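*Asks:* here's my sequence, what's the structure:
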Amino acid sequence: MPRTDVPVTTMVAGTGTVVPAGTSVTAANDGNILAASDTQKLLIMVANASGGSANMVVKAGAGIGAFQSTLGDLTVAIADSTERGFIIESARFAQANGSINFDPSATVTVTAIKLP
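*Replies:* Residues are numbered from 1 along each chain as shown. Sure, this is the predicted structure:
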């Protein structure tokens, strides 16, 4: 099954940026941050309203630029009715095509923000 694409919102230093509503990603489809986006210094916000706890697994990279991929996957636990934010780098998580893949264990809402 194809992964659900999550768009990236770019923040601009010294200005206000509207944070968009997140993208719903299911455990069945998993998610993808598009390769066309700049995937360095990404703030990932994950909201869990699934009725139970969820894990968000950001998959280790496989591309030539993912020189820190040997650090492996990143798993972030998200309690029900909470939102967690974490910063990721393409040096660890970029796939061969430049995208970043993640697998939630439950349906979550994901927002990707490119930091300046």
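*Asks:* please tell me how far the residue of the chain positioned farthest from its centre sits from Pro116.
*Replies:* Relative to the centre of the chain, and counting by CA atoms, centre = their mean, the farthest-placed residue is Gly14 at 24.2 Å. The spacing between Gly14 and Pro116, counted by CB to CB, to the nearest Å, is 9 Å. The C-beta positions use only the backbone N, C-alpha and C, and glycine is treated the same way.
*Asks:* now swap in Val58 and tell me
*Replies:* Remark: distance between Val58 and Pro116 (CB to CB) = 21 Å.
*Asks:* neighbour count: those two, which is higher?
*Replies:* In terms of neighbours (other CB atoms under 10 Å), Val58 is the more surrounded of Val58 and Pro116; the figures are 22 against 10.
*Asks:* hey, what's Asn48 bridged with?
*Replies:* Counting by DSSP bridges, Asn48 forms beta bridges with Thr82, Val108.
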